[in-house]
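# sharing a model that was predicted from the sequence below.
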Amino acid sequence: MSSNSPTNLAERYAYLQAELARLEHAYYVLDNPLLPDAEYDRLYRELLDIESIHPEWVSSESLSQRVGGAALKEFDSVQHIVPMLSLNNAFEDAELIAFDRRCREALHVDIVEYAGELKFDGLAISLRYEDGVLVRAATRGDGASGEDVTANIKTIRAIPLRLTGKMIPAVLEVRGEVFMYLRDFEKMNQQAAAAGEKEFANPRNAAAGSLRQLDSKVTARRPLSFFAYGLGDLKPQSWLPSTHEELLNAYVKLGLPVCPERRVMKSVVEILDFYNEVGAKRDSLPYDIDGVVYKVNSFAEQAKLGFVSRAPRFALAHKFPAQEALTTVLGIDVQVGRTGAITPVARLAPVEVGGVTVTNATLHNEDEIKRKDVRIGDTVSVRRAGDVIPEVVSVIKDRRPADAQEFIMPIRCPVCDSHIERLADEAIARCSGGLFCGAQRKQALIHFAHRRALDIEGLGEKIVDQLVDQHLVRTPADLYRLGFNALANLERMGDKSADNLIQAIEKSRNTTLARFIFALGIRHVGETTAKDLANHYGSVHALMEASLEDLLTVKDVGPVVADSIVSFMQEAHNREVIEQLLVSGMQLTVEKKEISPAVLGKTFVLTGTFPTLTRDAAKDLLEKAGAKVAGSVSKKTDYVVAGVDAGSKLTKAEDLGIAVIDEAAMLGLLK
């Protein structure tokens, strides 16, 4: 029996009805989507295809005859005087072309004017105003009736409780979308995570969940927003403008928020231009959208076109390629970043997401894998937005196979075989082979040559890239073996530049122990800590042999820093590179502090350009004299040293009444 036989189709049709009902209940009622929108759309289109073959199977209970889900029992039900219908979807340009052709043929015209606007990913709402006063707000529900959420809607500051302007109709039902700006969504989730509360999966869920709170005080704390885009009941009808665009302009005059991203168009070419322009900037918009909407602009022409059972004939939603899709996790590997960060990566069965075939997706870190419970063999939802690295959003656990395997974080780096460490206060695990690891090689060399480290002038990122890519340098010690010819043959490196770089490398052999320690790139060891370590130990070998307990006796070195130093020094690869550097002729001196009683223990902040000193030189002088140099002004600041073009730091110092001095006065204090 073929798969398209009536018996098999009937079974498939019954399954789709039940499965889509389950998905809609989770999406609309429980605010807990089980599948990406694209997967739901695929199943729904399959249902419609079967109904086109067997229209006799369609009943009033068919999912194609209604919209959304039922109202929650906790809320009163509201009957919509004008039904809140959903829109037919287009996924291909051909479907848009066919829509335009149907409209022109039905209206017997050559050109139809359309209003284009964004399709928001939020929650559809109807606001009823009587004599300009908001009296009721209801969700879409099943299209015929929804939930009364008036108390919660009134907490949204974007929605006026009373309309403004002169021409206010007696009854006006405004249709629109409650949504959440991405910046507000991210901030709310950060606060939830800090408080140990459950985070929302996406802005749409956050908006829907916030609006359906039984306690409106909870809703009031959620950063909800609103855009108006449609019309329900209206009295008198004479108030109605002639076009949809004019309606939105009238809404603005009434004090209702309307999205400015819209356009009036008169051809398929203009419509596709609008679609492509919005698609290009989709990822930079401050809110989530999943497509654009086209409506016949003239209300008179809309009336002629009318409706089908669940959607208007005069409007179409043109969706963007899905940013989420389902696929299978074939394996989980780890990647090593430029700073040694170990990132688990899911290897996926190829799937198209956002118009691109995706085979890998980030899992961020070990804790994230455990939180989402991602296992090898799982069916997962993968999300991709613009140039952002694809990520695994969630696991479809009811599709988990019996032999799904849990991920175990490796203990050795896959690049250099160094130990992988994870400090107690960090989510990220890291390779400890900083000076040796190939994945960290370029970053380690750039840091080593930094002006506050070994100060190798001319050894910038582009030169480092060539040195590493041509296998001329593997570790910082290799820099001191470079010859003139090797450098002169680099791209855009002339004889003079090569000679200057050779001299800069030679000059860096004579440096301070503090700069050398900082140049090693030990995690959590900044300039100040490097100076404290240099003053305490007096030599690199003493630091290399220091125990955790001994390190904790150093000024301002806590458990996290001490643990990081011990892990770094215990790695054989790192010790080998340090020994090679010393053998190459490094001369390390310990700077003696020239304490000045006038600045000892005082906190300075430097701002602006000084007459004779660079800020780095001024900082060194102050720190040698026993002062502390901070990066920002606070009540604990004793002096602000201000030069030319001093900015906000100077202003803040004046506001706080902190002493402001110039370079000359600073040098006077040092004497």
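Received the coordinates, thanks.
# give me the distance from the helix or strand containing Ser394 to the chain's centre.
Following DSSP states H and E, one finds Ser394 within strand 391-395. In terms of CA atoms, centre = their mean, to the nearest Å, the centre of strand 391-395 is found 14 Å from the chain centre.
# in that strand, which residues are buried?
Within strand 391-395, the residues scored as buried using 16 or more other CB atoms under 10 Å are Glu391, Val392, Val393, Ser394, Val395. Glycine gets a C-beta too; all of them are placed from N, C-alpha and C.
# pick the one among the residues you listed closest to Asn297.
Within those, proximity to Asn297 (CB to CB) peaks at Val393, which comes in at 37.3 Å.
# wait, what's in contact with that closest one?
Ala201, Glu324, Val380, Ser381, Val382, Arg383 (CB atoms under 8 Å, 6 or more residues apart in numbering).
# from those residues, which land in strands?
Using DSSP state E to define strands, the subset of those located there is Glu324, Val380, Ser381, Val382, Arg383.
# make JSON lines from those and add pLDDT to it.
Supplementary listing: the ones in strands among the contacts of Val393 in JSON lines, determined by pLDDT from 0 to 100:
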{"residue": "Glu324", "pLDDT": "83"}
{"residue": "Val380", "pLDDT": "93"}
{"residue": "Ser381", "pLDDT": "90"}
{"residue": "Val382", "pLDDT": "91"}
{"residue": "Arg383", "pLDDT": "85"}
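# can I get the residues you listed in JSON lines including neighbour count?
Putting the ones in strands among the contacts of Val393 into JSON lines (neighbours: other CB atoms under 10 Å) gives the following:
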{"residue": "Glu324", "neighbour count": "22"}
{"residue": "Val380", "neighbour count": "25"}
{"residue": "Ser381", "neighbour count": "23"}
{"residue": "Val382", "neighbour count": "25"}
{"residue": "Arg383", "neighbour count": "22"}
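# show me what secondary structure element comes after the strand holding Ser394.
Next helix or strand after strand 391-395 toward the C-terminus (DSSP H and E): strand 405-406.
# who are the packing partners of that next one?
The helices and strands touching strand 405-406, judged by 3 or more CB pairs under 8 Å, 6 or more residues apart in numbering; DSSP states H and E, are strand 375-376.
# residues in contact with the strand it packs on?
With CB under 8 Å, 6+ apart as the contact definition, strand 375-376 has outside contacts at Val329, Leu330, Gly331, Ile332, Val395, Arg400, Ala404, Gln405, Glu406, Phe407.
# filter those residues down to the buried ones.
When the contacts of strand 375-376 are checked for burial by 16+ other CB under 10 Å, the buried set is Val329, Ile332, Val395, Ala404, Phe407.
# pull the helix or strand with minimum mean pLDDT from this protein.
Using mean pLDDT, DSSP states H and E, helix 216-220 stands out as the lowest-scoring helix or strand of the chain, at a mean of 77.
# helices or strands up against that helix?
Counting contacts by 3+ CB pairs under 8 Å, 6+ apart, helix 216-220 is packed against helix 150-153, helix 203-211.
# tell me what the longest one is packed against?
Helices and strands touching helix 203-211, as assessed by 3+ CB pairs under 8 Å, 6+ apart, comprise strand 123-130, helix 150-153, strand 171-179, helix 182-194, helix 216-220.
# closest to Val583 out of these?
Taking CB to CB as the criterion, helix 182-194 is the member of the helices and strands packed on helix 203-211 that comes nearest to Val583, at 48.6 Å.
# next, the contact list for Asn297, please.
The contact partners of Asn297, taken as CB under 8 Å, 6+ apart, are Glu113, Tyr114, Ala115, Thr243, His244, Glu245, Val264.
# wait, Val374 sits on Asn365?
No: the pair Val374 / Asn365 is not scored as a contact, 11.7 Å apart, by CB atoms under 8 Å.
# comparing these two, which shows the higher neighbour count?
Relative neighbour count places Val374 above the other of Val374 and Asn365, with 22 against 19, counting by other CB atoms under 10 Å.
# who touches the more buried one in this structure?
Val374 makes contact with Val329, Ile332, Ala346, Leu363, Val380, Val392, Val395, Phe407, according to CB under 8 Å, 6+ apart.
# can I get the contacts of strand 375-376 in JSON lines with pLDDT and distance to Arg221?
Putting these into JSON lines (pLDDT from 0 to 100; distance: CB to CB, whole Å) gives the following:
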{"residue": "Val329", "pLDDT": "96", "distance to Arg221": "37"}
{"residue": "Leu330", "pLDDT": "96", "distance to Arg221": "42"}
{"residue": "Gly331", "pLDDT": "95", "distance to Arg221": "42"}
{"residue": "Ile332", "pLDDT": "95", "distance to Arg221": "38"}
{"residue": "Val395", "pLDDT": "91", "distance to Arg221": "30"}
{"residue": "Arg400", "pLDDT": "94", "distance to Arg221": "36"}
{"residue": "Ala404", "pLDDT": "95", "distance to Arg221": "39"}
{"residue": "Gln405", "pLDDT": "95", "distance to Arg221": "41"}
{"residue": "Glu406", "pLDDT": "95", "distance to Arg221": "37"}
{"residue": "Phe407", "pLDDT": "95", "distance to Arg221": "36"}
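# okay if I get the residues you listed as CSV plus distance to Asn297?
Shown next, in CSV, are the contacts of strand 375-376 (distance: CB to CB, whole Å):
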residue, distance to Asn297
Val329, 47
Leu330, 49
Gly331, 52
Ile332, 51
Val395, 45
Arg400, 49
Ala404, 52
Gln405, 56
Glu406, 56
Phe407, 54
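# Ser225: which of those residues is nearest?
Relative to Ser225, and with distances defined as CB to CB, the nearest of the contacts of strand 375-376 is Val395, at 30.6 Å.
# quick one: low-confidence parts of this protein?
Confidence mapping of the chain against pLDDT under 70 gives the ranges 1-7, 25, 28-31, 60-61, 65-73, 309, 385-388.
# need phi/psi at Glu457.
Glu457 adopts backbone torsions of phi -70, psi 130, taken as degrees, to the nearest 10.
# neighbours around it, how many?
When neighbours are counted by other CB under 10 Å, Glu457 comes out with 14.
# go on, Leu552?
The burial metric for Leu552, expressed as a neighbour count using other CB under 10 Å, is 14.
# what about the helices in the stretch 451-600 of the chain?
461-469, 484-488, 495-507, 513-519, 527-537, 540-544, 548-551, 559-570, 572-583 (DSSP state H, counting those that start in this stretch).
# in the lengthiest helix in the chain, what counts as buried?
Here the longest helix in the chain is taken by residue count, with DSSP state H as the criterion, and it is helix 6-24. Neighbour counts over helix 6-24 (16+ other CB under 10 Å) mark Leu9, Tyr13, Leu16, Gln17, Glu19, Leu20, Leu23, Glu24 as buried.
# still on that earlier bit, same list, the buried ones among the contacts of strand 375-376, but as CSV with distance to Ser59 please.
What follows is the buried ones among the contacts of strand 375-376, written out as CSV (distance: CB to CB, whole Å):
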residue, distance to Ser59
Val329, 40
Ile332, 46
Val395, 35
Ala404, 39
Phe407, 47
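# which one of these is nearest Glu173?
The shortest approach to Glu173 among these belongs to Val395, at 40.8 Å (CB to CB).
# was I right to think the closest one contacts Lys372?
Yes: contact criterion CB under 8 Å: Val395 and Lys372 qualify, at 6.0 Å.
# one step back: what is the nearest of the ones in strands among the contacts of Val393 to Ala208?
Ala208 has its nearest neighbour among these in Glu324, at 16.8 Å by CB to CB.
# could you report the neighbour count for the closest residue to that closest one other than its chain neighbours?
Spatial nearest neighbour of Glu324, excluding adjacent residues (CB to CB, 6 or more residues apart in numbering): Pro36 at 3.5 Å. Counted with other CB under 10 Å, the neighbours of Pro36 add up to 21.
# I'd say Pro36 and Ser381 touch.
Yes: under the criterion of CB under 8 Å, Pro36 makes contact with Ser381 at 5.1 Å.
# any idea of the angle the strand holding Ser394 forms with strand 379-383?
140 degrees (axes from the mean of the first three to the mean of the last three CA atoms, to 10 degrees).
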